[in-house]
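1. Here's a sequence, model it:
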Amino acid sequence: MLRHMADPDLPYPPPVAPTVQLPAPPAGWRVALIVWGAPATLALLVGLMLLATPWQPRTYPFGETPDVIPGAVVLALANLAAVMGVALSRYRLGLASALVALPWVLSPFAATMAWGWWSAGLAVLGFAVFDGARRHAAWVGSMVVVLALVYCTSGVYWSVPLSGPVDLHSHDPARWFDATRFSYLAAYLGTIVAVVLAANATRHRLTRRAAGLP
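-> Numbering: from 1, shown residues only. Okay, the predicted model is just below:
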C-alpha cells in the first residue's frame with residue numbers, strides 16, 4: 001500500500017536484492033586424503049605386514065594352548081583387531097585404542113607376539129595426537145613405550161615380517177644392557193617421538209591453513 005502512495009516525481013533507490021549466503025568452498029582433496037584416507041592406507045599396510053609375517057609359536061605361559069580356543073583362531077582375531085584398530089582410529093578413537101591393545105592380551109594364548117601389532121599401536125598414537133585427544137594419546141603412547149622397553153631389554157621374541165620370531169639380545173654375554181640394546185631402545189623410542197612430532201606438526205599446519213593463515 002505504501003508503494004502505491006509514493007510520489008512518482010521523487011527519486012527512489014532501486015530495490016536491493018536479498019543477501020544470499022554462499023556455501024563454504026569444499027575442503028581440498030589433500031586435506032580429505034589426510035583426514036580420511038590415511039587410516040585406511042595405514043590399516044592396509046599393517047594388514048600386509050601381518051600377512052608377510054611367518055608365525056612360529058615360541059612359548060605357552062599357561063602350558064599347552066587350550067583346545068577350546070586354538071592358537072590359530074586367537075592369532076587371527078588378534079591380527080584382525082590390530083588392523084581394525086588402525087582403520088577406526090579417525091572414527092572411534094576409544095574403540096581403536098582398545099583394539100590395538102587386545103592382541104597383546106591375547107598373545108599368551110596365541111603363543112607369539114608381532115611387530116605388526118606394535119606398529120598398529122604406533123599408528124593409532126599418531127592419529128590420537130593429530131586429533132588432539134590427549135587422554136587417548138597418553139594411554140596408547142604409554143602402551144607402545146612400555147612394549148618397546150620390554151622388547152629391547154627382556155629378550156622376548158616378536159614375529160617380524162619375512163623373518164619370523166626375532167629377539168634383541170646383548171652381544172656381550174657379561175653385560176645385560178650393552179651398546180647394542182641401547183641403540184635398539186634409542187631407535188624405538190626415537191621412532192615414537194618422531195611420530196608424535198610429525199602428527200602434531202601436521203595438525204597445526206592444517207589448522208592454520210583452514211584459518212587462512214600462512
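
2. Give me the contact list for whichever strand or helix holds Leu80.
-> Using DSSP states H and E, Leu80 maps to helix 71-87. Outside helix 71-87, the residues that touch it by Cβ atoms under 8 Å, 6 or more residues apart in numbering are 39-40, 42-43, 46-47, 50, 55, 57, 65, 95-100, 102-103, 106-107, 109-112, 114, 116-117, 120-121, 123-124. C-beta coordinates here come from the backbone N, C-alpha and C atoms, glycine included.

3. Just the buried ones from the residues you listed?
-> 39, 42-43, 46-47, 50, 55, 65, 96-97, 99-100, 102-103, 106-107, 109-112, 114, 116-117, 120-121, 123-124 (16 or more other Cβ atoms under 10 Å).

4. hey, which helix is longest across the protein?
-> The residue-count maximum for a helix in the chain (DSSP state H) belongs to helix 179-210.

5. Distance from the chain centre to that helix, please.
-> 12 Å (Cα atoms, centre = their mean, to the nearest Å).

6. tell me the helices in this structure, going along the chain?
-> Using DSSP H, helices in the chain cover 2-5, 29-32, 38-51, 71-87, 93-110, 115-130, 134-154, 179-210.

7. export the ones you listed to CSV and tack on mean pLDDT and distance to Pro161?
-> Putting those into CSV (pLDDT from 0 to 100; distance: least, Cβ to Cβ, whole Å) gives the following:
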stretch, mean pLDDT, distance to Pro161
helix 2-5, 50, 80
helix 29-32, 62, 30
helix 38-51, 93, 5
helix 71-87, 92, 13
helix 93-110, 92, 15
helix 115-130, 95, 7
helix 134-154, 92, 15
helix 179-210, 87, 16
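
8. Identify whichever of the ones you listed lies nearest to Gly164.
-> helix 115-130 (10.6 Å; Cβ to Cβ).

9. Show me what that closest one is packed against.
-> With contacts taken as 3 or more Cβ pairs under 8 Å, 6 or more residues apart in numbering; DSSP states H and E, helix 115-130 sits against helix 38-51, helix 71-87, helix 93-110, helix 134-154, strand 158-160, helix 179-210.

10. I'd like the distance between the residue nearest in space to the middle of the chain and Val74.
-> A centroid search over the chain (Cα atoms, centre = their mean) returns Val124, at 1.9 Å, as the residue closest to the centre. Here Val124 is placed at a distance of 21 Å from Val74 (Cβ to Cβ, to the nearest Å).

11. Just give the closest residue to Ala101, not the sequence neighbours.
-> Met143 (6.1 Å; Cβ to Cβ, 6 or more residues apart in numbering).

12. tell me the contacts of that neighbour?
-> Going by Cβ under 8 Å, 6+ apart, the list of residues near Met143 reads Val100, Ala101, Trp104, Gly121.

13. Touching, the first one and Trp117? I think so.
-> When you say that, I think you mean Val100. Yes - taking Cβ atoms under 8 Å as the definition, Val100 is a contact partner of Trp117 at 7.2 Å.
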